[in-house]
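Peer 1: coordinates only, sequence not included:
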């Protein structure tokens, strides 16, 4: 590999190391970076497409045939791993050394960070699957995502806006052409994918009601109540004859009959509410929005696809404060005071904030190339990575929530 190519591929990777056996996957972006949807990202992706095409034309990088390589191993397979990581720029120098040492472990950690997988320094499961996607397939994946980027780029200005990327499970707030805030998010399950949309945040709702969508009510809520008649009371969910209609006593409803399908459900505001303490209202044809959640433990998971399509935001108070900047003195402290004091409020934004839900499984940022699992199988022509990742298995999580 040429010195120029190696220098480019290693740009800003040197700090991506971890000391623990299992570290949290770092956010792909940080404040001050160029935004995901930007001309800088476009230029970087174009350059990497050329580099990956060159690597492919030169024979590509080697496949790793051994599952489970880790620090302390000393085999010929380790030398193959070294060549693979040198080819992608994660390891700074080539050698035929067969010992899996600390330098090689750091290179694996860099690779894992760029691909959004668990930072454990071991070449197993999804890490191995990512390593064995060819350079040619990665170039195809980059080209598909470059086309997505170019389609939305004209609609995104350098002024204040929010971008949520489902495959990276992240959202970023952008102002003056730079990322100003980044937060982890939870996105739609594979069966209920988060749509690609552009809308605008018009209101910030504090202590919102949750009007249970009919699809969730029929599919999840009513069957749950049949099994557990106390469920509605424990979750403070009320039953109504219709929207705006009379409240119905759940005890008089035949939950096993067809009449249960006629009612509508509304959850009271509070800590138990599926929307949490804050909802960002962004009217759109798909009826999706961004909101808080009571199940914050899910943000610690690597893959966070658990919702019915809406976006649950880890740093919801930070994001709401950013959205409300300059709006009638709504500081973070005032938001916390209002929600803790039971003050149900709808704050209207005098200037709506554009928001874009996008689907990017590959992008460039600060000289680094990033790839993510094809969560909704929209890159099927690029690689079989999604199917490989699914085969690795993930524990399901059941919850009645948007």
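Peer 2: Cool, got the structure. This is a predicted model, so every value here is computed, not measured. Residues are numbered from 1 along each chain as shown.
Peer 1: Show me this structure divided up by domain.
Peer 2: 3-142+375-392, 156-208+271-360, 211-267 (automatic domain parsing).
Peer 1: Those domains: which one's closest to residue 401?
Peer 2: For those, proximity to residue 401 was assessed by C-beta to C-beta; domain 156-208+271-360 is nearest, at 4.1 Å. Where C-beta positions appear, they are placed from N, C-alpha and C, glycine not excepted.
Peer 1: On the pLDDT front, check the residue lying closest to residue 194 once chain neighbours are set aside for me.
Peer 2: If you skip the residues right next to it in sequence, residue 194 has residue 188 as its closest partner in space, 3.9 Å away by C-beta to C-beta, 6 or more residues apart in numbering. Model confidence at residue 188, expressed as pLDDT, equals 98.
Peer 1: Surely residue 188 is in contact with residue 304?
Peer 2: No - contact criterion C-beta atoms under 8 Å: residue 188 and residue 304 do not qualify, at 10.3 Å.
Peer 1: May I have the beta-bridge partners of the residue nearest to residue 194?
Peer 2: On the basis of DSSP bridges, residue 188 takes part in beta bridges with residue 307.
Peer 1: Also residue 266?
Peer 2: Beta-bridge partners of residue 266, counted by DSSP bridges, are residue 211, residue 238.
Peer 1: Residues in contact with stretch 189-196: which ones?
Peer 2: Outside stretch 189-196, the residues that touch it by C-beta atoms under 8 Å, 6 or more residues apart in numbering are 164, 166, 187-188, 286, 288, 305-311, 357-359, 375-377.
Peer 1: circling back: who's in contact with the residue nearest to residue 194?
Peer 2: Contact partners of residue 188, counting by C-beta under 8 Å, 6+ apart, are 166, 194, 305, 307, 308, 309, 310.
Peer 1: Would you confirm that the fifth one contacts residue 214?
Peer 2: No - contact status for residue 308 versus residue 214: not in contact, 11.8 Å apart, counting by C-beta under 8 Å.
Peer 1: Looking only at neighbour counts, state which of the two leads.
Peer 2: Neighbours were counted for residue 308 and for residue 214 using other C-beta atoms under 10 Å; residue 308 has more, 21 against 13.
Peer 1: Pull the number of nearby residues for residue 252.
Peer 2: A total of 7 residues lie near residue 252 under the criterion other C-beta under 10 Å.
Peer 1: Contacts only, for it.
Peer 2: Contact partners of residue 252, counting by C-beta under 8 Å, 6+ apart, are absent.
Peer 1: rerun that using 10 Å as the cut-off
Peer 2: Residue 252 makes contact with residue 239, according to C-beta atoms under 10 Å, 6 or more residues apart in numbering.
Peer 1: Okay, it and residue 33: tell me how far apart.
Peer 2: Distance of residue 252 to residue 33, computed by C-beta to C-beta, to the nearest Å: 57 Å.
Peer 1: Ok, residue 250 next?
Peer 2: When C-beta to C-beta is applied, the distance between residue 250 and residue 33 equals 50 Å.
Peer 1: For residue 171, which non-adjacent residue is closest in space?
Peer 2: Using C-beta to C-beta, 6+ apart and skipping the chain neighbours, the partner closest in space to residue 171 is residue 164 (4.1 Å).
Peer 1: ok, what's across the strand from that neighbour?
Peer 2: Per DSSP bridges, residues listed as beta-bridge partners of residue 164: residue 171, residue 357.
Peer 1: how about the domains of the chain in CSV, adding distance to residue 366?
Peer 2: Converted to CSV, the domains of the chain look like this (distance: least, C-beta to C-beta, whole Å):
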stretch, distance to residue 366
domain 3-142+375-392, 5
domain 156-208+271-360, 10
domain 211-267, 39
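Peer 1: hang on, the earlier thing: these two touch, right, the residue nearest to residue 171 and residue 356?
Peer 2: Yes - using C-beta atoms under 10 Å, residue 164 is in contact with residue 356, at 7.2 Å.
Peer 1: what residues are shared contacts of the two?
Peer 2: Counting by C-beta under 10 Å, 6+ apart, the shared contacts of residue 164 and residue 356 are 36, 171, 197.
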